[in-house]
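Enquirer: can you look at this prediction? I've put the sequence above it.
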Amino acid sequence: MRLMTIAVSAAVLAAVVPASTVAAHESPEHALEAARIEAMRAATVAFLASLDDDARIAVQASLADNARRTAWSNLPASFVPRSGVSVAQMNAAQRQALHAMLAAAFSSQGYLKTITSMWHEDVLHEMTLAAAARLPDGDPRKAQGLALALNFDSEKFFVTVFGDPAGKDWGWMMTGHHYAANFTVADGKIAFTPLFLGANPQTVPDGRFAGWRLLQHEADRAFALVGALTPAQRRQVVVADAVDGSVFAGKGRQDLARVPQGIPASALDTVQRQLLTALIDEYLGDASDEAAARQRAAIAADGPDKLYFSWWGPTDDPKARYMFRVQGPSIIIDYVREASPDGGFNHVHSIARDPSNDYGARWLEQHYQEAHQQ
């Protein structure tokens, strides 16, 4: 599949919503968000129009369909079947329309993280096949590895469109192994959570792609912050010496009771608070500027007393198993290193959520209850 470089420029946005159509009292921020929504709408309508009737029926669902709206997973497709239409089922024109839809919703950063996640599945596929090939024919792990490799495929990403993009409220989801993106447009506003990104291996160890790494800046920014803390602050931040994987805010865990842990932003000095802001912006920056600005304003409105940073595991070894969290009423960021086949922890899961508005639920006056991850 040929990857396309697609940019939604300010000129294109201006063409979608001419300045003359913007009410005199409307702020520039609202005008830009309206233009972004129109670009997203046009791209989504074009994607739907590219499908045949059967695929269009399969890809569309109601915004009120709780099961479909929360049917994402970070597990392989054979473990947790997905709804919607897969990339494998799309022809070249439909794939181009899909990527235009993605690019219209994401920033360039978020779009590149998305397509790299897709590409990485093919890298994992080849690595799994190579590992299986090194095993003797009678070893049951060989057959297991060959079967598992079938899951790792850049075409096994599934898309669903919710509601009517020609209307006021609608959205879309794309999910596959180590990936789930959820965008919602509701009453002129854009929500982009939950957004799950993962990678195994996080850093490619050998071969032609040796050294390529995913989700590295998230970790680097967290280590910069924890490294800037005083010893007393670091003791306050570290919740436990080992990671408790059950607290990761993954699928089915959006309603877990979470008492804030760690250190509040109000207890940080100016430099430390800027480092925390940079970490948050690394996640918000995956969405469009307009969606990120709205989320950033919500976090600011909550206040620094309600925004916490916490850590599990060692703070001095980037290759060890650790987890960090940023938590507030309008944001949950979790990042954890998991076990990898090489015996280390070259495998990461990362998620951004809005406890108050995942799936745009507050704006839609809906409640989307996720089933637990299988």
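Expert: Good, I have the coordinates. None of these values were measured; they are calculated from a predicted model.

Enquirer: His177 versus Leu124, what's the distance?
Expert: To His177, Leu124 is 8 Å away according to CB to CB, to the nearest Å. C-beta here means a position set from N, CA and C on the backbone, and glycine is covered the same way.

Enquirer: no wait, Ala291
Expert: Ala291 is 25 Å from His177, by CB to CB.

Enquirer: repeat that for Pro318.
Expert: Distance, Pro318 to His177, by CB to CB: 24 Å.

Enquirer: next: Trp119.
Expert: 12 Å.

Enquirer: which of the two has more residues huddled nearby?
Expert: His177 (27 against 16; other CB atoms under 10 Å).

Enquirer: how many neighbours does Ala132 have?
Expert: Ala132: 18 neighbours (other CB under 10 Å).

Enquirer: so what's the closest residue to it other than its chain neighbours up against?
Expert: Counting by CB to CB, 6 or more residues apart in numbering, Ala132 lies nearest to Gly145, which is 3.3 Å off, once chain neighbours are set aside. Contacts for Gly145 were tallied using CB atoms under 8 Å, 6 or more residues apart in numbering; they are Thr128, Leu129, Ala131, Ala132, Leu135.

Enquirer: can you rerun that using 7 Å?
Expert: Going by CB atoms under 7 Å, 6 or more residues apart in numbering, Gly145 touches Thr128, Ala131, Ala132, Leu135.

Enquirer: identify the contacts common to Leu124 and His177.
Expert: With CB under 7 Å, 6+ apart as the test, Leu124 and His177 both reach Phe152.

Enquirer: would TSV of the contacts of Gly145 with distance to Ala92 and pLDDT be doable?
Expert: Output for these, formatted as TSV (distance: CB to CB, whole Å; pLDDT from 0 to 100):
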residue	distance to Ala92	pLDDT
Thr128	27	93
Ala131	32	92
Ala132	31	93
Leu135	37	93
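
Enquirer: picking up where we left off before, where does the residue nearest to Ala132 land in three-state SS?
Expert: Of the three states, Gly145 takes helix under DSSP: H, G, I helix; E, B strand; the rest coil.

Enquirer: sorry, back to before: which of the contacts of Gly145 are buried?
Expert: Buried subset of those (neighbour count, 16 or more other CB atoms under 10 Å): Thr128, Ala131, Ala132.

Enquirer: secondary structure and distance to Pro165 for these - can I get that in JSON lines?
Expert: Conversion of the buried ones among the contacts of Gly145 to JSON lines gives the following (DSSP: H, G, I helix; E, B strand; the rest coil; distance: CB to CB, whole Å):
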{"residue": "Thr128", "secondary structure": "helix", "distance to Pro165": "37"}
{"residue": "Ala131", "secondary structure": "helix", "distance to Pro165": "43"}
{"residue": "Ala132", "secondary structure": "helix", "distance to Pro165": "43"}
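
Enquirer: show me where the stretch 151-300 of the chain has strands.
Expert: 157-163, 170-176, 179-186, 189-191, 195-199, 238-240, 263-264 (DSSP state E, counting those that start in this stretch).

Enquirer: residues near Ala133, how many?
Expert: 10.

Enquirer: can you check Asp137 too?
Expert: Around Asp137 there are 6 residues (other CB under 10 Å).

Enquirer: now do the contacts for it.
Expert: With CB under 7 Å, 6+ apart, Asp137 has no contacts at all.

Enquirer: quick one: pLDDT of it?
Expert: According to the prediction, Asp137 has pLDDT 92.

Enquirer: return the helix or strand in this protein with minimum mean pLDDT.
Expert: Every helix and strand in the chain was compared by mean pLDDT, DSSP states H and E; the lowest is helix 10-16, with a mean of 37.

Enquirer: for the helix or strand following that helix, buried residues please.
Expert: Heading C-terminal from helix 10-16, the first helix or strand you meet, by DSSP states H and E, is helix 28-50. Judged by neighbour count (16+ other CB under 10 Å), helix 28-50 contains these buried residues: 31-48, 50.

Enquirer: hang on, the earlier thing: from Ala130, how far out is the residue nearest to Ala132?
Expert: On the measure of CB to CB, Gly145 and Ala130 end up 9 Å apart.

Enquirer: Tyr179 now?
Expert: The separation that Tyr179 has from Ala130, given CB to CB, amounts to 23 Å.

Enquirer: neighbour count: these two, which is higher?
Expert: Each of Tyr179 and Ala130 has its neighbours counted (other CB under 10 Å); Tyr179 has more, 23 against 13.
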